[in-house]
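**Student:** Below is the sequence, then the predicted model.
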Amino acid sequence: MARRSLIQRSEIDQVLKAHNCQANQKHRLTSGELRLKVYEDRSHVHYCADCAVKILEADIGKLQELLRLIRG
């Protein structure tokens, strides 16, 4: 049986050209900063470090709750 994952393809990379965070347009990413890159279908979305931390922490919490429920 193939191993399945609930986690989308994601990575941390560096901003090459300045642009806005896709979670909050008020957050501006500038060249050289780290960002979260999440692949969606054949494209990707980028999040600033602050938004990335919030997204990752929330998702870790959701996964921990699912694990707690399945273990009983």
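**Tutor:** On my side now, so go ahead. Residues are numbered from 1 along each chain as shown.

**Student:** Mind naming the longest strand for the chain?
**Tutor:** If you go by DSSP state E, the chain has its longest strand at strand 34-40.

**Student:** Contacts for it, please.
**Tutor:** With contact meaning Cβ atoms under 8 Å, 6 or more residues apart in numbering, strand 34-40 is reached by 8-15, 21, 29, 44-49, 51-52, 55-56. (Glycine included, C-beta is placed from N, CA and C.)

**Student:** Try it again at 7 Å.
**Tutor:** Strand 34-40 has contacts (Cβ atoms under 7 Å, 6 or more residues apart in numbering) with 8-15, 29, 44-49, 52, 55.

**Student:** And those, which of them are buried?
**Tutor:** Among the contacts of strand 34-40, those buried by neighbour count (16 or more other Cβ atoms under 10 Å) are 10, 15, 29, 44, 46, 47, 48, 52.

**Student:** Residue 69: which of those is nearest?
**Tutor:** Nearest to residue 69 among those is residue 10, at 23.9 Å by Cβ to Cβ.

**Student:** Nearest residue to the closest one in space, please, no chain neighbours.
**Tutor:** Spatial nearest neighbour of residue 10, excluding adjacent residues (Cβ to Cβ, 6 or more residues apart in numbering): residue 38 at 4.8 Å.

**Student:** Any idea what that neighbour is bridged to?
**Tutor:** On the basis of DSSP bridges, residue 38 is bridged to residue 10, residue 45.

**Student:** how many neighbours does it have?
**Tutor:** By the criterion of other Cβ atoms under 10 Å, residue 38 has 18 neighbours.

**Student:** Now that we're looking at it, what pLDDT does it have?
**Tutor:** Residue 38 is assigned 96 on the pLDDT scale.

**Student:** swap in residue 45?
**Tutor:** Note on residue 45: pLDDT of 96.

**Student:** where's the residue nearest to residue 10 relative to residue 72, distance?
**Tutor:** Computed as Cβ to Cβ, to the nearest Å, the residue 38 to residue 72 distance reads 32 Å.
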